[in-house]
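Engineer: based on what follows, work out the 3D shape:
(2 chains)
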Amino acid sequence: MEPKHDLLKGSSNSLLLCLLEHQPMYGYQIVKELESRSQGYFKFKEGTLYPALHRLEKTGLIAGKWEMLPNGRQRRYYLITPKGQAKLAEEKTRWIDFFTAVKLILQPESSSI
Amino acid sequence: MTLDLSQYLESIRNSARLDQSEETIIMSELEAHIEDKLKELTDAGLSRREAIRECLNQMGNTKSIARQIYEAYSQGSWKQVLLAALPHLLFGLLFVLNWWNHPAWLSIVLIAVLVTAFYGWSHGKPSWIFPWMGYTLVPVFIGGLLLLYLPPGWSFLAAFVYAILAIWWLVRVIVSTVRRDWLFSSLMLLPLPIIIGWYLALSPNGIFSDETLQQLYKFSPWIGFSFMGLALTIAVFIRLRQRWLRVTLLAASGLLTLCLIVYHSTGNVNNLAFLGLLFVLWGGLLIPPLLERRLKNSRIK
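Structural biologist: Down below sits the predicted model:
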């Protein structure tokens, strides 16, 4: 079977934008959410999440802000920007077209019915 | 925080080579992530020691994380490209337009270099400042040349004082730059072999004479184009993300320009002058990383 991190590599930006679509999240929460929503399929080296988040922040697709917790610790939450939402919509369309095309090849019978 | 975790974070910090502000953000995030992870693992029943080992394993290799962080931050904007290439463009224009012999234009460019370098140095040393820093060494170089015209009795003492001051300034600038990133130090020193190369090409005996001046008029456009070539190199350097590509670019660009200078002035590249300049070039590229390693080792001790 193909290593899962190779699949994640090309789609990490879309997955991160998708996770942040409905609510702001911090790094650790993103890792847990990704793992739980993919039922453990997407597991990766957690330290590599932050370069990916900062890359998205630099391109203006997400924005980070510090929030103080009741226990005095700080957490950096990430939220999707309007530019990020537009990009996500574009990416979703591309993924759906891609899945449809792959399905037509893998399951031609069921697709033609 | 335990020694293992501190060493882990320190290793990422050292290899990522970020600005102070960027470094604070990402290191705080990694630290918070590790604390959350440790809590999860100890709550699941692991001992503190086992939890640390598992946590570091799940976080990933420090070199790989640092490389990705570096690549996330390394690419400069087009504004930074313009600012970084500007000193080379200004010096290039001075020679292409043959304005280098107008004291007013020369003074304007030198003052612009000194003011910009001082501003950038005192405002967080952004990456575009390092090409400007290289040109602050030009007055030091000119000062050394002027010593050749002192009366015989003064030359030894003046050369001694000058050598100490020049070396002190050079070392101070290089060490401060290397503390940020040795690659910026190499970027700063890149014009040095080009300037020395052109000087030796115009005046092989090292004395600036009337003949040198005539040669300077003749070669002026070519000198200007070599500085324009440097400007192009810097522009590409600022836009590149990968560190190995940046190192390759500096080495290849320096080598190509030296080949052109030596070939243009002597008709071939198979001579001692080229070999000497090659040593200066490789010195400019290799001394900073060696110095960085030495500074790191002395800090650890």
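Engineer: and B:R179, how far from B:Q80?
Structural biologist: With distances taken as C-beta to C-beta, to the nearest Å, B:R179 is found 21 Å from B:Q80. C-beta: built from backbone N, CA, C; applies to glycine.
Engineer: kindly apply the preceding question to B:P204 instead.
Structural biologist: 39 Å.
Engineer: quick one, which of these two is more surrounded?
Structural biologist: More crowded of B:P204 and B:Q80, by other C-beta atoms under 10 Å in any protein chain shown: B:Q80, with 17 against 12.
Engineer: list the contacts for the residue of chain A found nearest chain B?
Structural biologist: Of chain A, the residue with the smallest distance to chain B, taken as C-beta to the nearest C-beta, is A:K45 at 2.9 Å. Residues touching A:K45, when contacts are defined by C-beta atoms under 8 Å, 6 or more residues apart in numbering or on different chains, comprise B:58-61, B:64-65.
Engineer: how near is it to B:N57?
Structural biologist: Note on A:K45: its distance to B:N57, by C-beta to C-beta, is 9 Å.
Engineer: picking that back up, quick check, nearest of the contacts of A:K45 to chain A?
Structural biologist: Of all these, the one with the least separation from chain A (C-beta to the nearest C-beta) is B:G60, at 2.9 Å.
Engineer: how about the residues of chain A by chain B?
Structural biologist: Chain A comes close to chain B at residues A:26-28, A:45-48, A:50-52, A:54-55, A:58, A:64, A:73-76, as judged by C-beta under 8 Å from any C-beta of the partner chain.
Engineer: so which bits of the stretch 51-200 of chain B are right by chain A?
Structural biologist: If contacts are counted using C-beta under 8 Å from any C-beta, the residues of the stretch 51-200 of chain B sitting beside chain A are B:58-62, B:64-65, B:68-69, B:71-73.
Engineer: max pairwise distance over the residues you listed: which two?
Structural biologist: Of all pairs drawn from these, the one with the largest separation by C-beta to C-beta is B:Q58 and B:Y73; the distance is 23.8 Å.
Engineer: where are the low-confidence patches of chain A?
Structural biologist: A:1-10, A:110-113 (pLDDT under 70).
Engineer: what ranges do the helices span in it?
Structural biologist: Along chain A, counting by DSSP state H, helices occupy A:4-19, A:27-37, A:49-58, A:82-106, A:108-112.
Engineer: ditto for the stretch 1-150 of chain B
Structural biologist: B:3-16, B:20-43, B:48-59, B:62-74, B:78-96, B:103-121, B:129-135, B:138-146 (DSSP state H, counting those that start in this stretch).
Engineer: what number of residues are in the vicinity of B:L189?
Structural biologist: For B:L189, using other C-beta under 10 Å, the count is 26.
Engineer: next up, the contacts around residue 36.
Structural biologist: Unless you meant another one, I'm taking chain A. Taking C-beta under 8 Å, 6+ apart as the criterion, A:S36 is in contact with no other residue.
Engineer: was after chain B, sorry
Structural biologist: Taking C-beta under 8 Å, 6+ apart as the contact definition, B:D36 lies against A:Y28.
Engineer: how confident was the prediction at it?
Structural biologist: B:D36 carries a pLDDT score of 91 in this model.
Engineer: mind giving me the domain split of chain B?
Structural biologist: Using automatic domain parsing, the domain ranges for chain B come out as B:3-72, B:75-300.
Engineer: and B:S155, what's its pLDDT?
Structural biologist: Confidence per residue is given as pLDDT, and for B:S155 that number is 68.
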